[in-house]
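Asks: Quick one: sequence and predicted model below, then my questions.
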Amino acid sequence: MKKIAAIASITLLAGSAFGQALTLAGPSPQVFANGGGNGFGGPLGGGSMTFAVVGSNVEITFTPATGSSVNDYIALYLDVRSGGFGDFAMNDTGDDGRNVISNLSRDEIEFFPINPDFGYLFWDNSNPQVVGFELNAGNTPGHLTFVSGSYLAGTRTAIIPLATLGNPNQIDWFAAYSSGSGFLSNESLPASGLNGSGNPGFTGGVSYTAFNRYLIPTPGAAALLGLGALAAGRRRR
């Protein structure tokens, strides 16, 4: 079992040695397709995440690479406030999903480019599903806090109230790919230092070296975007 190390929380600065922020700013929705690696067939490395603010929610959709299968767990980590919890602080073996989001690889600690506060899992190729957890430190089964929410049936879209995330003005995030037993893929989104080597597997111990940043549109900006779309529609008529 992976040991839980007592490591002080690190304040992460975008562009620091701990991780490079890749900011894609623009109107909502925003598509991020800058992943790397193909160790499990490339669904994450060649896939994309789409972020969009719809009403009072942020909707996050995972789209796997064309022709690929999602046979394991896509782990999406969200950093929305100060603090947060790295792989070293969590060890929830309550079920396969909890095991992945808190461990990634079975035997070693992975190093994150952010200090995430929430984790979401996308899985099951034939019947897509999403589940979310608020992260916390611990080493007992079930210690992660299940986040009630919703997803679009038959899709890999998580619908998350912005209030649940604390109404942030930006979301820093990255995604990894692992099996329920803790065999880690070399795939990530965005591309990272581990992509060029083989799958880390059970021993893991790798560093994710980059993260994406989604800027939450302000209410005024969202209104202007809506007016622009309406005007464009009228011109087309």
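Replies: Here it is on my side, so go on.
Asks: Tell me what the most centrally placed residue in the chain is bridged to.
Replies: Geometric centre of the chain, nearest residue: residue 76, 2.0 Å, by Cα atoms, centre = their mean. Assessed by DSSP bridges, residue 76 has beta-bridge partners residue 120, residue 175.
Asks: distance of it from residue 100?
Replies: 11 Å (Cβ to Cβ, to the nearest Å). Any C-beta I mention is one placed from the backbone N, CA and C, and that applies to glycine too.
Asks: which neighbours do these two share?
Replies: residue 121 (Cβ atoms under 8 Å, 6 or more residues apart in numbering).
Asks: mind listing the helices for this protein?
Replies: In the chain, the helices defined using DSSP state H lie at 96-103, 219-236.
Asks: And these, which one averages the lowest pLDDT?
Replies: The weakest mean pLDDT among the helices of the chain belongs to helix 219-236, with a mean of 44.
Asks: Now for this structure, the helix or strand with the poorest mean pLDDT.
Replies: Least confident helix or strand of the chain, by mean pLDDT, DSSP states H and E, is helix 219-236 with a mean of 44.
Asks: Could you list the low-pLDDT ranges of this structure?
Replies: Along the chain, the model assigns pLDDT under 70 to residues 1-27, 219-237.
Asks: Which parts of it are strands?
Replies: 20-23, 30-32, 48-54, 57-63, 73-79, 118-123, 129-134, 145-147, 150-151, 157-161, 170-178, 184-189, 210-215 (DSSP state E).
Asks: from the middle of its chain, how far away would the last one be?
Replies: Pointing back at strand 210-215 there. 10 Å (Cα atoms, centre = their mean, to the nearest Å).
Asks: which secondary structure elements does it contact?
Replies: Packing contacts for strand 210-215, counted by 3 or more Cβ pairs under 8 Å, 6 or more residues apart in numbering; DSSP states H and E, involve strand 20-23, strand 30-32, strand 170-178.
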